[in-house]
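Engineer: the sequence isn't on hand, but the structure is:
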């Protein structure tokens with residue numbers, strides 16, 4: 001690893017000092033938007049022409065598929081957790097220094113094409129200033145040959161991290177590069193004691209964030225990062241237990257290029273024990289996470305990054321839902337201020353129609369029935385929480401289904417003594433696993449891969465990626481339907497530290513998550529396995545004369 005790869009992310013204002021420094025990250029965003037405008041204009045021209053009588057003898061050619069150039073892959077990483085100062089006056093968050101033991105690290109992995117060529121890739125500040133080079137741009141791109149792929153990787157580790165960062169990789173052979181980056185934070189003292197981890201996000205214009213709370217002792221800060229060169233205007237739709245929350249300050253939030261805007265959600269929705277945020281942006285795409293922390297009197301109750309899950313659907317699946325001893329959990333939640341220290345499933349229904357949701361849990365030994373029966377009705381436009389108490393200790397996959405679209409996320413808790421620090425995590429719903437998902441992992445602590453197969457039978461394949469860029473030998477695991485498997489990950493593969501994994505799945509639907517912890521501590525964090533990189537895309541083009 002080069003010295004550049006060990007540099008900390010500079011503590012600077014989020015905005016870049018020069019426009020040119022941002023072009024490597026966001027030129028592709030501008031280009032894609034321009035292409036959309038051109039296509040839209042073309043569509044308008046076709047529509048207008050179709051209203052006019054066609055010339056005699058005119059003909060229309062067959063619809064063809066036109067290649068859409070692959071763009072630069074981006075992962076936007078938030079800054080490490082920071083303590084919010086004072087009381088809520090407005091919505092903009094004011095931060096104070098972190099604890100003396102706080103540690104943070106960003107670990108990034110960029111995968112090669114099947115011929116072993118690693119794309120040009122780097123880590124920059126949100127404003128575009130260089131931080132570390134992952135791999136130099138190749139002088140040529142060899143064509144993959146017949147036979148098994150020969151994979152390699154570019155790897156970077158940066159610690160400490162003090163500000164938001166962007167991991168970027170160029171396309172190869174007109175296919176988007178596969179990258180993954182993980183930001184982890186931990187502390188053993190202070191109000192933000194605990195473990196928080198998140199995969200760095202690809203920017204977008206629509207995201208759902210579940211698990212927030214602004215009740216007494218709970219702090220939720222929404223961080224919106226704009227890595228493009230286009231200003232973003234963000235509207236927030238807020239949902240609580242009693243329905244949608246009308247907050248005038250949630251509309252028209254401007255996020256300038258190369259900046260992060262931090263919004264204290266208590267200024268928009270105070271005293272909400274169940275808060276779901278729908279982030280919608282126009283203009284530049286944004287990456288959004290919520291820094292959620294809990295303080296029960298003087299006892300720290302944990303910290304976590306709430307990351308986006310799958311969009312509204314009739315089926316939501318969450319893996320890596322670790323449940324402690326139910327008797328100890330029941331005794332803890334019976335104490336004042338600890339009602340939210342139990343495992344639970346949160347469900348939000350965006351529309352006006354009520355949803356009848358069927359909830360099922362699958363553990364190592366098969367399906368486990370909820371004491372409540374597993375059926376809950378959630379009013380349209382509101383949020384509900386289903387307790388997962390009474391379930392034997394173990395790691396589970398939670399499946400929820402309904403004939404009305406909804407979003408969901410599952411809460412994981414650790415710690416059984418009120419006088420000691422506790423921690424929590426949220427496992428967001430994720431997509432079915434397919435081919436070649438890349439998972440970046442922290443370099444220390446306990447790491448597990450959790451895989452769930454609600455029905456049928458499937459096979460999951462995973463291969464380690466080490467710090468020297470080697471992709472190791474893959475391991476195949478057959479999974480029975482209706483079960484969840486938890487696989488402990490080693491710190492090393494051979495003589496090199498493990499930086500990530502390449503994960504693929506086949507057979508019936510399989511869902512996965514990364515479960516993190518610290519030996520001898522209540523720390524916990526859960527990260528859903530994100531979608532694989534998109535390949536070459538095509539759009540239909542009709543030409544007539």
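Structural biologist: Yes, it's here. None of these values were measured; they are calculated from a predicted model.

Engineer: in stretch 453-472, what's buried?
Structural biologist: Buried residues in stretch 453-472, counting neighbours by 16 or more other CB atoms under 10 Å, are found at 453-454, 458, 460, 462-467, 469-472. Where you see a C-beta, it was placed from the backbone N, CA and C, and this is true even at glycine.

Engineer: of those, closest to residue 201?
Structural biologist: Ranked by distance to residue 201 (CB to CB), these are led by residue 465 at 20.0 Å.

Engineer: re the thing from before, and the buried residues of stretch 453-472 as JSON lines, adding secondary structure, pLDDT and distance to residue 79?
Structural biologist: Shown next, in JSON lines, are the buried residues of stretch 453-472 (DSSP: H, G, I helix; E, B strand; the rest coil; pLDDT from 0 to 100; distance: CB to CB, whole Å):
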{"residue": "453", "secondary structure": "strand", "pLDDT": "98", "distance to residue 79": "37"}
{"residue": "454", "secondary structure": "coil", "pLDDT": "97", "distance to residue 79": "36"}
{"residue": "458", "secondary structure": "strand", "pLDDT": "97", "distance to residue 79": "37"}
{"residue": "460", "secondary structure": "strand", "pLDDT": "98", "distance to residue 79": "33"}
{"residue": "462", "secondary structure": "strand", "pLDDT": "98", "distance to residue 79": "30"}
{"residue": "463", "secondary structure": "strand", "pLDDT": "98", "distance to residue 79": "31"}
{"residue": "464", "secondary structure": "strand", "pLDDT": "98", "distance to residue 79": "28"}
{"residue": "465", "secondary structure": "strand", "pLDDT": "98", "distance to residue 79": "25"}
{"residue": "466", "secondary structure": "strand", "pLDDT": "98", "distance to residue 79": "27"}
{"residue": "467", "secondary structure": "coil", "pLDDT": "97", "distance to residue 79": "24"}
{"residue": "469", "secondary structure": "coil", "pLDDT": "97", "distance to residue 79": "27"}
{"residue": "470", "secondary structure": "strand", "pLDDT": "97", "distance to residue 79": "31"}
{"residue": "471", "secondary structure": "strand", "pLDDT": "97", "distance to residue 79": "30"}
{"residue": "472", "secondary structure": "coil", "pLDDT": "96", "distance to residue 79": "32"}
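
Engineer: what's near enough to touch the residue nearest the centre of the chain?
Structural biologist: For the chain, the residue nearest the mean C-alpha position is residue 307 (4.5 Å; CA atoms, centre = their mean). Going by CB atoms under 8 Å, 6 or more residues apart in numbering, residue 307 touches 198, 199, 201, 209, 289, 428, 527, 528.

Engineer: ok, now how distant is it from residue 75?
Structural biologist: To residue 75, residue 307 is 12 Å away according to CB to CB, to the nearest Å.

Engineer: need the overlap of contacts for the two.
Structural biologist: Taking CB under 8 Å, 6+ apart as the criterion, residue 307 and residue 75 both touch 199, 201.

Engineer: hang on, the earlier thing: what's the closest of the contacts of residue 307 to residue 365?
Structural biologist: Checking these against residue 365 by CB to CB gives residue 528 as the nearest, at 23.5 Å.

Engineer: any idea how far that closest one is from residue 231?
Structural biologist: Residue 528 is 30 Å from residue 231, where distance means CB to CB.

Engineer: what sits against residue 169?
Structural biologist: By CB under 8 Å, 6+ apart, the contact set of residue 169 is 72, 73, 110, 119, 120, 121, 134, 177, 178, 179.

Engineer: against residue 498, how distant is it?
Structural biologist: 20 Å.

Engineer: so between residue 528 and residue 231, which is more surrounded?
Structural biologist: Higher neighbour count among residue 528 and residue 231: residue 528, with 28 against 15, using other CB atoms under 10 Å.

Engineer: partner strands of the lengthiest strand in the chain and their direction?
Structural biologist: Looking across the chain with DSSP state E, the single longest strand is strand 394-414. Strand 394-414 sits in its sheet next to strand 313-323 (antiparallel), strand 344-348 (antiparallel), strand 355-363 (antiparallel), strand 423-428 (antiparallel), going by DSSP bridges.

Engineer: for that strand, buried residues please.
Structural biologist: For strand 394-414, the neighbour count (16+ other CB under 10 Å) marks 394-402, 404-414 as buried.

Engineer: with stretch 118-128 instead?
Structural biologist: 118, 119, 120, 121, 122, 123, 124, 125, 126, 127, 128.

Engineer: cool, stretch 253-272 as well?
Structural biologist: Buried residues in stretch 253-272, counted by 16+ other CB under 10 Å: 253, 255, 257-269, 272.

Engineer: hmm, back to that, quick check: the farthest pair among the buried residues of stretch 118-128?
Structural biologist: The distance between the two most remote of these (CB to CB) is 25.4 Å, for 118 and 127.

Engineer: could you list every residue that touches residue 283?
Structural biologist: By CB under 8 Å, 6+ apart, residue 283 lies in contact with 230, 231, 232, 233.

Engineer: check contacts around the third one.
Structural biologist: Contacts for residue 232 (CB under 8 Å, 6+ apart) come out as 224, 226, 254, 255, 281, 282, 283, 284, 285, 286.

Engineer: now name the helix or strand holding the fifth one.
Structural biologist: I take that to be residue 281. For residue 281, the element it lies in under DSSP states H and E is strand 275-283.

Engineer: contacts only, for residue 74.
Structural biologist: So residue 74 contacts 25, 166, 167, 168, 202, 203, 227 (CB under 8 Å, 6+ apart).

Engineer: for beta bridges, what are the partners of residue 357?
Structural biologist: Residue 357 forms beta bridges with residue 376, as assigned by DSSP bridges.

Engineer: for the stretch 201-350 of the chain, just list every one of the strands.
Structural biologist: 206-212, 218-226, 232-240, 243-245, 253-255, 259-264, 275-283, 287-296, 299-306, 313-323, 344-348 (DSSP state E, counting those that start in this stretch).

Engineer: what residues does the last one touch?
Structural biologist: For strand 344-348, contacts defined as CB under 8 Å, 6+ apart pick out 208, 210-211, 239, 274, 276, 318, 355, 357, 359, 376, 378, 382-388, 398, 400, 406-411.

Engineer: now do the contacts for residue 122.
Structural biologist: Shown in contact with residue 122 (CB under 8 Å, 6+ apart): 24, 130, 131, 132, 133, 134, 167, 168.

Engineer: before we move on, the earlier item: got the angle for the strand holding residue 281 vs strand 287-296?
Structural biologist: On the basis of axes from the mean of the first three to the mean of the last three CA atoms, to 10 degrees, strand 275-283 is oriented at 160 degrees to strand 287-296.

Engineer: look up the closest residue to the residue nearest to the centre of the chain, ignoring the ones flanking it.
Structural biologist: Distance criterion CB to CB, 6 or more residues apart in numbering; nearest residue to residue 307, sequence neighbours excluded, is residue 198 at 4.9 Å.

Engineer: cool, and residue 362?
Structural biologist: Distance criterion CB to CB, 6+ apart; nearest residue to residue 362, sequence neighbours excluded, is residue 397 at 4.7 Å.

Engineer: isn't that neighbour right up against residue 433?
Structural biologist: No: with contact defined as CB atoms under 8 Å, residue 397 does not count as touching residue 433 (11.9 Å).
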